[in-house]
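A.B. asks: Test case, fold it:
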Amino acid sequence: MSPRQRGPQHEQRDDDQRDHDERDVAAPLDLLAERVEAHAATVTGMDSLLVERADGVVTCTLNRPDKKNAITNEMWVGLIELFEAVATNPDDRVLVLTGAGDGFCSGADLSGGGTEQAASGAGGALAGMRTVGQAAIGLHQLAKPTIAAVNGVAAGAGCNLALGCDLIIASEQARFSEIFSKRGLVVDFGGSWILPRLVGMHRAKELVLLADVIDATEAERIGLVNRVVPSDQLDTTVKEIATRLANMAPLALAASKRLLDQSFSVSMAEALDAENTAQALMSTTSDTREAILAFFERREPRFTGS
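C.D. replies: Presented below is the predicted three-dimensional model:
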């Protein structure tokens, strides 16, 4: 339907949706709890971070659905520990981040444990923000593929937690907002670094300064997300992608990811030199030999990460 064909009823529905989105990302986080299935294990004994491992895929679910999965300081520490654990465990090949209930993450918890609050003064607030920064750099430096499965609202630090992943798969119900300026705060969790690289400087400034809520379709159009899928297909789609990545050569994926991550800070000549070195190293690995052998034997390779 074209804009000229849209009547008052359609316009009213659009206004209602915008109002609903604003409430989701800016409310005092007192929504009703929803039932969430238990996962196989927890991080540091916390029910608010649920972790399960299956076939090389680590799935971490932010589990505070009554707060739209707002992140407490304890959860930031738990995420730091998780990123370190995944980085050092050879059996962990892919990390998936998602949220419980109908939201991905509404950002840092500002209602009582949020690290962005300055109740303890500037020094305490800065110490808290360094914890947030440590989590952000831990995710960014993780050599293994990361996927954000965004099932609902992703706002503030929650938005940038999703954008910090290598791939973002969003459901049609997903909403994104750099909500900081509407809360009197500045962009964090690496958003000032990530956004210009994803959408360009002027679009990044629009998202940060106006702090609008955008839907999944718009997020895909401007390059914030990789794919938008129906809500009932989100888990299946993410599982298929994660399984594909888990079955690929870990060393080669890590090297390619590193080359791409550093591409904005090196010259073409430096990039080629880094590629040459990485390719030469890959040619000596067991996984490359296995890939060549599997090609000639017309079978799927079995990569071991060596």
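A.B. asks: from here on, contacts and neighbour counts on C-alpha atoms
C.D. replies: Will do.
A.B. asks: List the buried residues in stretch 174-189.
C.D. replies: By 16 or more other Cα atoms under 10 Å, the buried positions in stretch 174-189 come out as 174-180, 186-189.
A.B. asks: what does stretch 201-221 give?
C.D. replies: Per 16+ other Cα under 10 Å, stretch 201-221 contains these buried residues: 204, 207-209, 211-217, 219-220.
A.B. asks: And the contacts of it?
C.D. replies: 18, 21-22, 170-182, 187, 195-196, 225-228 (Cα atoms under 8 Å, 6 or more residues apart in numbering).
A.B. asks: What of stretch 83-98?
C.D. replies: Stretch 83-98 is touched from outside by 53, 56-62, 104, 135, 138-139, 142-151, 162, 242, 245-246, 250, 305, with contacts defined as Cα under 8 Å, 6+ apart.
A.B. asks: cool, and stretch 261-278?
C.D. replies: Contacts to stretch 261-278, defined as Cα under 8 Å, 6+ apart, come from residues 255, 259.
A.B. asks: thinking again about what came up before, out of the buried residues of stretch 174-189, who's nearest residue 75?
C.D. replies: Within the buried residues of stretch 174-189, the smallest distance to residue 75 is 14.0 Å, found for residue 189 (Cα to Cα).
A.B. asks: which stretches of the protein form helices?
C.D. replies: Ranges of helices in the chain, per DSSP state H, are 8-26, 73-88, 121-141, 157-163, 191-199, 201-210, 216-221, 234-246, 250-261, 268-282, 286-296.
A.B. asks: hey, which of these is tucked in deepest?
C.D. replies: helix 157-163 (a mean of 26; mean count of other Cα atoms under 10 Å).
A.B. asks: tell me the mean pLDDT for that helix?
C.D. replies: The predicted model assigns helix 157-163 a mean pLDDT of 98.
A.B. asks: For it, list the C-alpha coordinates in CSV.
C.D. replies: Written as CSV, here are the backbone C-alpha positions of helix 157-163 (Å, rounded to 0.1, in the frame of the first residue of the first chain):
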residue,chain,number,x,y,z
ALA,A,157,24.0,-1.2,25.4
GLY,A,158,21.7,-4.1,24.4
CYS,A,159,21.5,-2.8,20.8
ASN,A,160,25.3,-2.5,20.7
LEU,A,161,25.7,-6.0,22.3
ALA,A,162,23.8,-7.3,19.2
LEU,A,163,25.8,-5.1,16.8
